[in-house]
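Engineer: give me a model of this one.
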Amino acid sequence: MPGKQIKTYQLRVYMNAREIGLTQVDAARIAEFSERSAQRIDAGVHQPQQGNRPVCRSSPDPLATVWEQELEPMLRQQPRLKPMTLFEYLQQRYPGQYEQVLRTLQRRVREWKALHGASPEVMFPLRHEPGELGLSDFTQLKGVEVTIGGKAFEHLIYHYRLAYSGWQYAQIIWGGESFIALSEGLQNALAACGGVPKQHRTDSLSAAYRNLRGKQDKPLTELYDQLCRHYRMQPTRNNTGIAHENGAIESSHGHLKRRIEQALLLRGSCEFATVQEYQSLIDEVVLRLNGRCQPKYEQEKLALGPLPLHRVPDYELVSARVSCHSTITVRCMLYTVPSRLIGRQLELRLYQDRIVGYLNHQLVVELPRIRSTDKTKRRARCINYRHVVEGLRRKPRALLYCTWQQELLPNHQYRQLWQQMQALYDPDTAALLMVEALYIAASQDKEAAVADYLAAQLAVSDLKLVRLQQQFGLLHSAVVPEVNVTQHPLQDYDQLLLTRPSNPAHQSVPEPEPASEATAPVSHAQAMGNSGTTSRSGELVPCPILAGTLRIGGPPSLFNPHPTRPHRSPTAKRKSPLQL
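Structural biologist: Residues are numbered from 1 along each chain as shown. The predicted model follows:
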């Protein structure tokens with residue numbers, strides 16, 4: 001067609017048609033151009049796009065009056081100026097004249113910087129040797145909200161990678177970029193890798209380096225230095241603020257996070273029951289990534305150093321005393337512990353995800369480590385009703401006014417049941433029922449079963465304490481054994497009453513002879529019996545006994561064994577043997 005340029009693909013279609021034997025007219029019709037163009041092509045006269053087309057504008061330059069006079073001098077003075085900055089300058093200086101020139105200005109500035117601007121930084125490809133370098137860094141999964149048990153889970157991902165083979169390891173980290181997190185993640189990665197590289201590189205982590213201002217050579221922290229010495233690795237770091245120097249792991253962050261996001265989309269949910277379930281998904285993603293570099297990893301594994309026999313402790317040691325509330329405070333966080341530990345001093349090992357307590361080197365408690373999710377508050381509480389339920393059972397009314405009331409209830413279902421109890425019963429009865437339910441759930445490990453029973457009974461308004469206890473076996477019907485008693489004849493008692501003693505020892509005791517040395521009876525001594533006649537001659541009749549005729553711990557004596565004694569006051573009184 002006249003005036004229409006023949007495209008390259010049309011020439012190819014025409015030549016293919018001619019090769020299979022079509023005529024010039026048919027081939028030109030298939031290629032969609034004129035017979036005259038086909039004749040020029042066959043004659044070798046047709047030369048499409050010969051030479052450079054002249055540059056000509058189809059419309060006047062909208063920046064002709066200001067580019068060379070104002071904008072270009074501004075760029076020469078400050079090459080970092082952005083096109084949007086220059087556009088706003090034109091709008092402010094010339095109102096209403098340059099409203100539609102933003103795209104033109106962006107192209108003009110881009111062309112000018114390519115011809116006259118500063119040269120950008122050159123990235124050189126690097127060669128990595130097997131077993132030479134391992135890199136560690138922390139990254140965050142953005143744009144995806146992972147939930148554990150219905151609650152948002154704030155976390156980081158520790159990422160380790162071998163520079164030569166690309167083998168990598170990833171682990172969930174609770175909290176921030178602490179040394180405990182770095183130590184645990186690195187040691188787990190080295191154990192999974194099966195060897196130790198010669199160098200370990202990080203960025204300027206505060207857990208590894210003392211980031212002192214004004215100093216280029218930043219010293220290592222003592223703990224990180226000991227960790228590297230233990231594994232015989234040389235610690236290195238990139239320059240501050242230059243992330244591309246850690247490109248071997250920074251670029252891998254994006255690949256790993258995209259794979260995790262795709263795995264979550266394929267799963268159809270970001271909700272997990274436990275952190276271990278979420279970690280299993282990440283492990284599967286990393287396993288597939290490592291499968292692509294398995295040959296190089298096997299080659300690099302031969303160059304890795306051996307692992308030491310023991311790990312470096314990846315925890316922090318602190319101590320805390322259990323208060324009368326059966327709680328301890330660790331890093332501004334309140335934790336309950338078993339009530340039997342009240343008053344004891346515990347040695348605590350702080351891991352990045354848990355706290356382990358020891359009493360005299362014996363493991364007594366293990367707690368999940370928590371952190372405050374509210375940025376305006378530093379404190380938080382980790383309350384476990386199982387630790388204090390025995391004390392709460394003795395004081396059920398404490399549930400009504402306890403400051404931990406909502407935390408003592410295990411989950412949302414129990415909180416709804418508690419509201420129903422408060423609506424149906426008086427406060428004391430509601431507290432008694434809920435505390436008993438918590439005790440059964442803790443002692444028998446039937447938290448879900450107890451909640452289902454409470455919901456069913458509250459639905460018909462027929463929840464009773466006795467029925468609750470019977471349902472879960474706290475009350476047992478007492479089985480009384482049958483006892484056969486044979487009554488002996490009552491005449492046997494008559495024989496006891498009519499029998500008289502025949503033993504001479506049962507005769508009356510004669511009065512004692514007077515002592516050779518008259519001793520005045522004690523004025524306050526009372527008579528031990530009556531010496532009068534009795535109705536029976538066989539009874540023993542008590543009689544008065546002189547205080548001086550007996551000696552404690554020996555036989556009766558009628559004489560003074562100590563003839564010389566210190567002079568006593570006439571008012572002194574002697575104690576009777578019974579009083580002694």
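Engineer: hey, let's count contacts and neighbours off CA atoms from now on
Structural biologist: Will do.
Engineer: so which elements touch the biggest helix by length in the chain?
Structural biologist: Longest helix in the chain, counting residues (DSSP state H): helix 247-267. Here helix 247-267 touches strand 133-139, strand 156-162, helix 275-292, going by 3 or more C-alpha pairs under 8 Å, 6 or more residues apart in numbering; DSSP states H and E.
Engineer: may I see those arranged in TSV, with mean pLDDT and distance to residue 110 as well?
Structural biologist: Output for those, formatted as TSV (pLDDT from 0 to 100; distance: least, C-alpha to C-alpha, whole Å):
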stretch	mean pLDDT	distance to residue 110
strand 133-139	91	34
strand 156-162	93	38
helix 275-292	94	39
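Engineer: could the ones you listed go into CSV alongside mean neighbour count?
Structural biologist: Formatted as CSV, those follow (neighbours: other C-alpha atoms under 10 Å):
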stretch, mean neighbour count
strand 133-139, 22
strand 156-162, 23
helix 275-292, 15
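Engineer: can you lay out those as TSV showing distance to residue 457?
Structural biologist: Shown next, in TSV, are the helices and strands packed on helix 247-267 (distance: least, C-alpha to C-alpha, whole Å):
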stretch	distance to residue 457
strand 133-139	49
strand 156-162	44
helix 275-292	34
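Engineer: nearest to residue 203, out of those?
Structural biologist: strand 133-139 (7.2 Å; C-alpha to C-alpha).
Engineer: which neighbouring elements make contact with the helix or strand following the closest one?
Structural biologist: Next helix or strand after strand 133-139 toward the C-terminus (DSSP states H and E): strand 147-148. For strand 147-148, the packing partners by 3+ C-alpha pairs under 8 Å, 6+ apart come out as strand 271-272.
Engineer: the strand it packs on packs against which elements?
Structural biologist: Counting by 3+ C-alpha pairs under 8 Å, 6+ apart, strand 271-272 packs on strand 147-148.
Engineer: report the contact partners of residue 314.
Structural biologist: Residue 314 is in contact with 180, 181, 183, 184, 351, counting by C-alpha atoms under 8 Å, 6 or more residues apart in numbering.
Engineer: can you name the two of the residues you listed that sit furthest apart?
Structural biologist: Most distant of those, by C-alpha to C-alpha, are 183 and 351, 10.2 Å apart.
Engineer: compare the two (neighbour count), which wins?
Structural biologist: residue 183 (23 against 19; other C-alpha atoms under 10 Å).
Engineer: how near is that one to residue 370?
Structural biologist: Distance of residue 183 to residue 370, computed by C-alpha to C-alpha, to the nearest Å: 19 Å.
Engineer: now do residue 332
Structural biologist: Look at residue 332 and residue 370: by C-alpha to C-alpha, they are 10 Å apart.
Engineer: what of residue 379?
Structural biologist: 10 Å.
Engineer: checking residue 114 next. Helix, strand or coil?
Structural biologist: Under the three-state scheme (DSSP: H, G, I helix; E, B strand; the rest coil), residue 114 adopts helix.
Engineer: and it, what does it touch?
Structural biologist: So residue 114 contacts nothing (C-alpha under 8 Å, 6+ apart).
Engineer: list the contacts of the closest residue to residue 159 other than its chain neighbours.
Structural biologist: Counting by C-alpha to C-alpha, 6 or more residues apart in numbering, residue 170 is the residue found nearest to residue 159 once chain neighbours are left out, at 4.7 Å. By C-alpha under 8 Å, 6+ apart, residue 170 lies in contact with 157, 158, 159, 160, 189, 282, 283, 286.
Engineer: put the alpha carbons of the helix or strand of the chain with the lowest mean pLDDT into CSV.
Structural biologist: Here the helix or strand of the chain ranked lowest by mean pLDDT, DSSP states H and E is helix 491-498, holding a mean of 77. Only the C-alpha atoms of helix 491-498 are listed here, as CSV (Å, rounded to 0.1, in the frame of the first residue of the first chain):
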residue,chain,number,x,y,z
GLN,A,491,-24.6,-62.0,132.6
ASP,A,492,-20.8,-61.8,132.2
TYR,A,493,-20.9,-58.3,133.7
ASP,A,494,-22.6,-59.6,136.9
GLN,A,495,-19.6,-61.9,137.6
LEU,A,496,-17.3,-58.8,137.5
LEU,A,497,-19.4,-56.9,140.0
LEU,A,498,-19.7,-59.9,142.5
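Engineer: list the helices and strands that helix packs on?
Structural biologist: Checking 3+ C-alpha pairs under 8 Å, 6+ apart, helix 491-498 ends up next to no helix or strand.
Engineer: quick one: low-confidence residue ranges for the stretch 1-150 of the chain.
Structural biologist: Low-confidence segments of the stretch 1-150 of the chain (pLDDT under 70): 1-3, 47-58.
Engineer: quick one: the helices in it?
Structural biologist: Secondary structure of the stretch 1-150 of the chain, counting by DSSP state H, counting those that start in this stretch: helices at 8-19, 24-31, 35-43, 72-77, 83-93, 102-116.
Engineer: in the fourth one, what counts as buried?
Structural biologist: Buried positions in helix 72-77, judged by neighbour count with 16 or more other C-alpha atoms under 10 Å: 72, 75.
Engineer: remind me which residues of the stretch 151-300 of the chain are low pLDDT?
Structural biologist: Applying pLDDT under 70 to the stretch 151-300 of the chain flags residues 210-218, 239-247.
Engineer: mind running it again at 80?
Structural biologist: Within the stretch 151-300 of the chain, the ranges that satisfy pLDDT under 80 run 175, 204-220, 238-249.
Engineer: equivalent analysis for the stretch 451-580 of the chain, please.
Structural biologist: Applying pLDDT under 80 to the stretch 451-580 of the chain flags residues 475-482, 487-488, 490-492, 494-580.
Engineer: CA atoms only: put the longest helix of the chain into PDB for me.
Structural biologist: Provided in PDB are the C-alpha atoms of helix 247-267 (Å, rounded to 0.1, in the frame of the first residue of the first chain):
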ATOM      1  CA  GLY A 247      24.400  -9.300  48.300                       C
ATOM      2  CA  ALA A 248      25.000 -13.000  48.700                       C
ATOM      3  CA  ILE A 249      22.300 -13.100  51.400                       C
ATOM      4  CA  GLU A 250      20.400  -9.800  50.800                       C
ATOM      5  CA  SER A 251      19.300 -10.900  47.400                       C
ATOM      6  CA  SER A 252      18.400 -14.300  48.700                       C
ATOM      7  CA  HIS A 253      16.000 -12.700  51.300                       C
ATOM      8  CA  GLY A 254      13.600 -11.700  48.500                       C
ATOM      9  CA  HIS A 255      13.600 -15.200  47.000                       C
ATOM     10  CA  LEU A 256      13.000 -16.900  50.300                       C
ATOM     11  CA  LYS A 257      10.200 -14.500  51.300                       C
ATOM     12  CA  ARG A 258       8.500 -14.800  48.000                       C
ATOM     13  CA  ARG A 259       8.500 -18.600  48.300                       C
ATOM     14  CA  ILE A 260       7.100 -18.400  51.800                       C
ATOM     15  CA  GLU A 261       4.300 -16.100  50.600                       C
ATOM     16  CA  GLN A 262       3.500 -18.400  47.700                       C
ATOM     17  CA  ALA A 263       3.400 -21.400  50.100                       C
ATOM     18  CA  LEU A 264       0.900 -19.500  52.300                       C
ATOM     19  CA  LEU A 265      -1.300 -18.600  49.400                       C
ATOM     20  CA  LEU A 266      -1.200 -22.300  48.200                       C
ATOM     21  CA  ARG A 267      -2.100 -23.400  51.800                       C
END
